[in-house]
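Chemist: fold the following and give me the result.
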Amino acid sequence: MMDAINKRVSYDIGCMKSLRKLPDRVSLKFMDLMTRYMSDPSANGLNLETVEGAKDSSIKSLRVDQGYRAIAFEVGRDIMFVHVNEHDKAYRWAVGRRVKLDPSTNRIRVIEELDATKVEAEAPAPSEPRLFAEVADKRLRALGVQEEELPAIRALTTIEALDAAEEDFDPLTYQVLYALAAGYSDEEVYALTGVADEPQEAPVAVEDDLTFDQLIETEESRQTIFIPESEEELRRVFEEGLEGWRVFLHPDQRKLAYRDYSGPAMVRGGAGTGKTVVAMHRAKHLADAIKEDPARAGQRVLLTTFTTSLAHDIEANLRTLCPDHLDVRPPRIEVINLDRWVSQFLKRKSFGREVAFFGEARDRLDQIWQEVFDDHELPEGLSEPFVKAEWSQIVQAKGLTDKRAYLKASRAGRGTPLDRRKRATLWDLFEDYRARMISEGLAEPDDAYREATDILSSEAPNLPYAAVIVDEAQDMGEQAFRLIRAIVPESPAGDQNSIFIVGDAHQRIYGRRASMSSCGIEVRGRSRRLRLNYRTTQEIRAWAVSILEGVSVDDLDDGTDTLRGYVSLLHGAAPELVSCASEAQELEGLVAWVRALPADQIQLAEIAILCARRKDVERVREALRAAELETVVLQSGADDRSVPGVRITTMHRAKGLEFFAVAIPFLSDGTFPPPGVLRAAIDAPDREDMITQYRSLLHVAATRAKKSLRISWSGQPTKIMSP
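Modeler: Presented below is the predicted three-dimensional model:
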């Protein structure tokens with residue numbers, strides 16, 4: 001064995017997947033073994049052994065303990081671990097595998113060679129339809145499938161059989177097969193897998209100078225192979241629970257995160273497609289470039305989102321992914337929600353008004369509104385809630401500051417029409433409200449955004465930000481995006497890598513919307529959509545999507561979006577839909593559901609109960625505590641999964657989180673949406689908008705579940721669940 005300093009240890013994604021299926025004690029032993037192995041592969045007890053009967057002489061085994069073995073390929077100075085399992089299972093897995101250098105896809109592949117005759121003999125009856133019967137071998141090879149895998153592919157009959165056989169295929173092959181089974185075109189498969197978009201007419205011969213050592217360094221290989229740079233990084237990946245898909249980006253995700261853009265770019269995609277993960281990797285990529293260039297010392301990447309809790313969750317994950325960028329001073333990545341950023345910025349600029357984000361200041365604004373209504377007569381047919389909504393959704397959202405602009409402004413989507421006379425009357429009322437608000441030293445959030453934008457536009461740019469990354473873009477309004485454009489204005493030298501936006505209008509739960517182009521952010525030609533859901537089973541995904549049936553959704557610019565082609569890679573049990581006689585019975589059912597979940601497979605911290613109302617959170621908490629079940633109520637701050645207890649929180653707070661099992665109670669007709677919300681609607685279009693927001697909210701809540709989803713109600717279920 002070579003000296004430790006000359007050995008490079010890596011981990012194929014298959015190793016990570018196999019490890020997650022084993023008992024925790026085995027995972028801990030493997031982690032400790034790998035830490036020692038990385039320090040000194042030649043240490044006593046760390047010898048690699050030949051696998052008897054293996055087709056590839058480079059495949060080796062390493063003892064984890066008496067009952068388990070790790071499988072690796074040793075090629076020159078490289079040792080790549082690929083699988084961990086029980087002794088006999090590990091050896092059976094290893095015998096038919098070999099490492100293959102594949103220049104046609106620029107990757108290292110781990111291939112199982114199967115005897116075609118044996119595969120066919122074990123296959124279902126010839127009369128049973130085969131899953132890929134209509135896909136020619138030549139087409140499969142052109143898409144990146146290896147010749148050795150074709151016999152096993154021809155034996156597949158259903159997509160469920162493909163799911164069950166995931167470990168039998170190289171990761172790239174599995175992605176190709178799943179995409180084909182989902183109905184993707186060849187061009188879409190190329191885009192998803194990162195394989196060259198020109199089919200190869202014939203196999204490409206391996207060049208003499210192409211070695212394992214070189215190929216493992218390619219961008220394509222690094223999509224599925226993890227090479228830790230230190231023991232600290234290795235331990236972080238194993239210990240801190242960062243899911244495999246957060247370390248090993250799918251090729252489609254990685255291409256979006258790790259590339260240069262000539263201007264602002266946007267990534268859309270359904271729940272679970274990894275948009276936030278792409279945003280985090282994008283921040284890491286840009287921060288890496290800053291770190292490597294001494295001339296850029298002091299620059300940073302601003303990663304912003306809509307709520308404080310989401311910012312805390314993202315920062316916690318970034319501390320696992322790239323702590324070196326957050327632990328320096330100043331940090332190369334700054335994570336903060338936009339309201340807080342504006343508040344801090346205006347404080348430094350001695351802004352003389354208090355921004356009424358919440359609390360007493362917000363209550364005082366409500367009092368000012370009432371004083372204004374007492375002093376003004378409303379136009380015929382208009383209500384006080386309608387006028388306040390007109391102010392919020394038109395005047396403030398569009399940044400209108402004079403009567404002329406308001407008289408000309410488009411009110412598309414507002415429902416109740418307003419003639420010129422009514423608009424003029426309303427403007428007098430709006431001016432009075434604004435004057436009183438200013439006189440009391442108060443400002444609304446949109447005022448704060450606009451003030452900060454004006455300051456930045458009038459001053460020479462003096463901020464440290466090289467780029468801004470925006471998460472949950474669907475919940476931000478026009479003034480927010482005008483501010484973001486002002487934070488990183490387009491320079492004469494160009495707009496490269498300036499703004500990166502991720503979002504999904506299907507998950508809009510706060511009612512704000514904006515068009516990127518109208519805010520000075522041009523993403524046309526640099527807008528992409530993710531479609532593979534890595535979090536949620538196909539059964540849960542399909543139910544969650546059905547909630548949005550018939551809902552028209554924008555694309556965060558001036559077009560419409562769709563969930564066509566949005567599929568999940570996993571299968572599982574269908575959502576459990578439970579009708580109860582009363583809410584008391586619902587609470588009893590929740591306790592029974594939690595207790596029935598397998599404790600040896602699911603920790604309490606991986607179970608969540610999501611409620612529409614805060615008062616229901618407390619009711620659920622009391623019921624679980626009475627049953628002596630540990631609970632954690634999530635409010636602000638990151639969710640520390642090391643703290644035991646069933647998570648209980650609102651559907652809004654759960655945004656951005658994921659759990660193994662999720663229950664959503666109290667979805668009765670007349671309860672969800674809350675009656676008070678619907679009564680506050682100012683007209684029919686406004687009522688429909690509110691119902692759409694609650695459809696999106698239920699969609700978001702349901703897609704927090706990875707494997708198990710329970711939906712319950714008493715009496716009649718909410719009409720939102722009806723097609």
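
Chemist: can you list the domains in the chain?
Modeler: Under the assignment automatic domain parsing, the domains of the chain span 4-215, 244-348+462-529, 357-443, 575-721.

Chemist: what is the end-to-end distance of stretch 572-581?
Modeler: 28 Å (CA to CA, to the nearest Å).

Chemist: now do stretch 164-182
Modeler: End-to-end distance of stretch 164-182 (CA to CA): 16 Å.

Chemist: what's it in contact with?
Modeler: Stretch 164-182 has contacts (CB atoms under 8 Å, 6 or more residues apart in numbering) with 13-14, 17-18, 93, 105, 107, 109-112, 131-132, 135, 140, 143-146, 149, 152-153, 156, 159, 162, 188-189, 192-193, 195, 224, 250-251, 565, 567, 569. C-beta here means a position set from N, CA and C on the backbone, and glycine is covered the same way.

Chemist: in it, what counts as buried?
Modeler: Using 16 or more other CB atoms under 10 Å as the burial criterion, the residues of stretch 164-182 that qualify are 168-182.

Chemist: what do you get for stretch 415-423?
Modeler: Neighbour count says stretch 415-423 has Gly415, Thr416, Leu418, Lys422, Arg423 buried, by 16+ other CB under 10 Å.

Chemist: now swap in stretch 686-693 and tell me
Modeler: By neighbour count on 16+ other CB under 10 Å, the buried set for stretch 686-693 is Asp686, Arg687, Asp689, Met690, Ile691, Thr692, Gln693.

Chemist: mind checking how far Gly637 is from Arg8?
Modeler: If you measure Gly637 against Arg8 using CB to CB, to the nearest Å, the figure is 39 Å.

Chemist: I meant Arg485, not that one.
Modeler: Applying CB to CB, the value for Arg485 to Arg8 is 44 Å.

Chemist: between these two, which one's more packed in?
Modeler: When neighbours are counted by other CB atoms under 10 Å, Arg485 and Arg8 differ, and Arg485 comes out ahead with 22 against 15.

Chemist: number of nearby residues for the closest residue to the more buried one other than its chain neighbours?
Modeler: Of all residues not flanking Arg485 in the chain, Gly520 sits nearest, at 4.4 Å (CB to CB, 6 or more residues apart in numbering). Burial of Gly520 is recorded as 15 neighbouring residues (other CB under 10 Å).

Chemist: next: Asp32.
Modeler: Using other CB under 10 Å, Asp32 has 13 other residues around it.

Chemist: so it sits in a helix?
Modeler: Yes: membership of Asp32 in a helix is supported by DSSP: H, G, I helix; E, B strand; the rest coil.

Chemist: what's the distance between it and Leu62?
Modeler: Here Asp32 is placed at a distance of 13 Å from Leu62 (CB to CB).

Chemist: repeat for Leu156
Modeler: 32 Å.

Chemist: now do Pro379
Modeler: Going from Pro379 to Leu62 by CB to CB gives 80 Å.

Chemist: compare the two (neighbour count), which wins?
Modeler: Per other CB under 10 Å, whichever of Pro379 and Leu62 has more neighbours is Leu62, with 24 against 17.

Chemist: surely that one touches Val51?
Modeler: No: if you go by CB atoms under 8 Å, Leu62 and Val51 don't touch, sitting 10.7 Å apart.

Chemist: I'm done for today, thanks for sticking with me.
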